[in-house]
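>>> Give me a 3D structure for the following:
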Amino acid sequence: PEFDMPSVYDVMTGNARLADVRRQVNEHLWVVPSHLDLAAAEVELVGAVGRDLVLRDKLKEDTDQFAYVFIDCPPSLGILTLNALAAVDEVFIPLQPHFLALHGLGKLLETIGLVAERLNSRLQLSGVILCMYDGTTRLAAEVSDDVDDFFRNPDHSQTPWSQTQIFQTRIRRNIRLAEAPSFGQSIFQYAPSSNGATDYRQLADEILAVTDGR
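From the prediction side, this is the model:
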């Protein structure tokens with residue numbers, strides 16, 4: 001957003017409603033923009049009562065209807081991510097197929113379990129999406145197998161990830177995905193025939209098939 005454009009920071013700090021900052025960017029797509037100022041919200045919310053439930057309450061106040069609401073979280077387990085986990089019904093985890101990423105996955109699962117127990121009993125981990133995927137490497141295949149084996153473990157039957165599936169679509173490494181944001185466009189506008197667009201379109205179809213089957 002432009003410097004003076006209201007963003008989700010204004011929503012999280014109590015000065016705006018979601019409807020005040022939401023912008024339509026395509027025929028079927030609305031966005032609540034973020035801003036670098038959002039990093040300050042972590043500090044500003046530390047002393048707030050109910051700081052983990054701010055976003056949930058803002059969503060409850062919103063009267064507009066949408067088929068799907070996606071919340072993109074920062075790569076950390078701070079107050080902003082906790083707000084998202086407390087507000088949603090399900091989680092998708094994008095995972096780069098590296099062994100260090102598996103350690104991060106373990107910490108995230110711990111957090112999801114705690115949030116489901118204390119803040120949001122509806123919370124489920126619905127799927128893992130392998131991204132930045134290079135199918136020519138043995139490492140990618142090994143990590144994929146490890147993730148599959150982990151979620152097939154019957155010991156997880158009473159956890160929020162008991163029904164987790166590993167999406168078959170792999171998001172391949174694609175420079176077009178990195179270029180698109182600098183042009184202010186989605187991958188479908190910027191390079192609709194690229195591997196990045198093909199993979200995300202296939203992933204969307206896979207997610208729709210899962211949700212329609214419920």
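
>>> quick one: the helices in this structure?
When secondary structure is read from DSSP state H, the chain shows helices at 8-12, 18-21, 38-44, 54-61, 79-87, 99-118, 138-151, 175-179, 187-190, 195-212.

>>> of the ones you listed, which approaches residue 157 most closely?
Among those, the nearest to residue 157 by CB to CB is helix 138-151 (11.5 Å). Backbone N, C-alpha and C define where each C-beta goes, glycine included.

>>> mind listing what the residue nearest to residue 77 when sequence neighbours are not counted touches?
Spatial nearest neighbour of residue 77, chain neighbours left out: residue 111 (5.2 Å); criterion: CB to CB, 6 or more residues apart in numbering. By CB atoms under 8 Å, 6 or more residues apart in numbering, the residues touching residue 111 are 77, 81-82, 85.

>>> ok, of those, which come out buried?
In these, burial by neighbour count holds for 77, 81-82, 85, counting by 16 or more other CB atoms under 10 Å.

>>> mind putting these in CSV, pLDDT included?
Converted to CSV, the buried ones among the contacts of residue 111 look like this (pLDDT from 0 to 100):
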residue, pLDDT
77, 83
81, 92
82, 93
85, 96
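
>>> Among the residues you listed, which one sits closest to residue 100?
Nearest to residue 100 among the buried ones among the contacts of residue 111, with distances taken as CB to CB, is residue 77, at 15.8 Å.

>>> how much space between that closest one and residue 4?
In this view, residue 77 and residue 4 are 31 Å apart by CB to CB, to the nearest Å.

>>> what's the answer for residue 151, then?
Taking CB to CB, one finds residue 151 at 45 Å from residue 4.

>>> With residue 145 instead?
From residue 145 to residue 4 the distance is 50 Å (CB to CB).

>>> Equivalent analysis for residue 21, please.
12 Å.

>>> neighbour-wise, which of these two wins?
More crowded of residue 21 and residue 4, by other CB atoms under 10 Å: residue 21, with 21 against 5.
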